[in-house]
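>>> below are the sequence and a predicted model for it; my questions follow.
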Amino acid sequence: MTRKDYVMIADTLRELLADIDREPPGMREVLTGERIGVASVARRLADQLRQDNPRFDRTRFIEACGLTA
């Protein structure tokens, strides 16, 4: 995979989280599980991408997804 691929994946996950955060306050609570799921996918992907490429920066990827490492 290339840097461009990593950026595209991180952008997509960040956009999903932003979509959840834009929901009205009452709906955000309902989508808390969805937010946790997206964060879990981001972290698992980061682990797999790190195994695929030893130079992959997991922390940078997680932060690019809009999460804290």
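All right, it came through fine. Nothing here was measured: the structure is a model prediction, and the numbers come from that model. Residues are numbered from 1 along each chain as shown.
>>> which regions of the protein lie under the pLDDT threshold?
Scanning the chain for pLDDT under 70 picks out the ranges 28.
>>> pull the longest helix from the chain.
Using DSSP state H, we find that the single longest helix of the chain is helix 32-52.
>>> look up how far Arg3 lies from Asn53.
Using C-beta to C-beta, to the nearest Å, we find Asn53 at a distance of 10 Å from Arg3. Every residue, glycine included, has its C-beta placed from N, CA and C.
>>> now what about the longest helix of the chain, what contacts it?
With C-beta atoms under 8 Å, 6 or more residues apart in numbering as the test, helix 32-52 has contacts from 1, 6, 9-10, 13, 16-17, 20-21, 56, 58, 61-62, 65, 67.
>>> tell me the buried residues within these.
Neighbour-count burial (16 or more other C-beta atoms under 10 Å) is assigned, among the contacts of helix 32-52, to 6, 9-10, 13, 16-17, 20, 56, 61-62, 65, 67.
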